[in-house]
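*Asks:* I would like to see how this sequence folds:
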Amino acid sequence: MAFDLQEQEQIDSIKAFWQQWGKLIAGVLAASAIAYLGFKGYRYYQEQQAQKAAAAYENIDAAVAAKDIAKLKSAVTLLQNDFGSSAYATRGSLILAKAAFDKSDLALAKSQLEWVLANGKDESVGAIARLRLASLLLDQKTYDAAIAELNKEHPAGFDALFLDLKGDVLVAKGDAAAARDAYKSALAKLVGDSPNRQFIQTKLDALGG
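*Replies:* Residues are numbered from 1 along each chain as shown. Presented below is the predicted three-dimensional model:
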């Protein structure tokens, strides 16, 4: 088929363009395809891991129902080892910590709370774990360690709870003046008609605050 001069110039221009940029464009398209496939593959892997973690978590529910702390510990350990970045592992660790505390196994309870603090992704869950750890340290009469935990960074929404528990620790430590300050600060952090307000006020009144 014959082309007129204008058409031939257009064809030559396209050929020249592809000679100069063809390899680069092909490379970009290939890289984009690989990246897309990689993303899809990673999403599929994440979904599979989430399903496996959920299935493993069912063993925790069964162990709790059976009140079998040995099986509970085994199930949580599996989650921590194989699905440590999942919310299931964090939740399981908190459950095991409570079960261990109820059985007076404070060492196990402490180790689980520390695992949550080291590996958990959710700041609110971390704050709950830190409060429980500080409460455990209070029970162990390691007051300075408990206060150190309560002084660590946490979401602002937990300020009143941290200050309230700090007041309890200071009372146990025998520092009534500092405890009063902590309770007053806790009251100042409460919003509106919080159910904790009267409880904290009662403790403050008991100190003559």
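*Asks:* dihedrals phi and psi, Lys141?
*Replies:* phi 70, psi 20 (degrees, to the nearest 10).
*Asks:* where's the closest residue to it other than its chain neighbours, which helix or strand?
*Replies:* In this structure, Lys141 finds its nearest non-sequential neighbour in Ala172, 7.3 Å apart by CB to CB, 6 or more residues apart in numbering. For every residue, glycine as well, the C-beta is placed using N, CA and C. When elements are assigned from DSSP states H and E, Ala172 belongs to helix 159-173.
*Asks:* now for that helix, which elements pack on it?
*Replies:* Helix 159-173 sits against helix 123-139, helix 143-150, helix 176-189, helix 196-206, with contacts defined as 3 or more CB pairs under 8 Å, 6 or more residues apart in numbering; DSSP states H and E.
*Asks:* can I get stretch 74-87 in CSV? Just the C-alpha atoms.
*Replies:* The C-alpha coordinates for stretch 74-87 follow below in CSV (Å, rounded to 0.1, in the frame of the first residue of the first chain):
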residue,chain,number,x,y,z
SER,A,74,-0.2,-22.9,74.0
ALA,A,75,-2.8,-21.2,71.7
VAL,A,76,-1.5,-17.7,72.5
THR,A,77,2.1,-18.8,72.0
LEU,A,78,1.1,-20.1,68.5
LEU,A,79,-0.5,-16.7,67.7
GLN,A,80,2.5,-14.8,68.9
ASN,A,81,4.9,-16.9,66.9
ASP,A,82,3.0,-17.2,63.7
PHE,A,83,0.7,-14.2,63.6
GLY,A,84,2.5,-11.7,65.9
SER,A,85,1.4,-8.7,63.9
SER,A,86,-2.3,-9.5,64.1
ALA,A,87,-4.8,-8.1,66.5
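*Asks:* about what we covered before: and the gap between the residue nearest to Lys141 and Asn119?
*Replies:* Here the distance between Ala172 and Asn119 works out to 30 Å (CB to CB, to the nearest Å).
*Asks:* with Asp168 instead?
*Replies:* Applying CB to CB to Asp168 and Asn119 gives a distance of 27 Å.
*Asks:* these two: which is more packed in?
*Replies:* Under the neighbour definition other CB atoms under 10 Å, Asp168 and Asn119 were set side by side, and Asp168 has more, 19 against 14.
*Asks:* unless I'm mixing things up, the more buried one is touching Leu138, no?
*Replies:* Yes: Asp168 is within contact range of Leu138, at 6.5 Å (criterion: CB atoms under 8 Å).
*Asks:* I'd like the helices and strands packed on helix 159-173 laid out as JSON lines, including mean neighbour count.
*Replies:* Listed next are the helices and strands packed on helix 159-173 as JSON lines, based on neighbours: other CB atoms under 10 Å:
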{"stretch": "helix 123-139", "mean neighbour count": "20"}
{"stretch": "helix 143-150", "mean neighbour count": "19"}
{"stretch": "helix 176-189", "mean neighbour count": "18"}
{"stretch": "helix 196-206", "mean neighbour count": "14"}
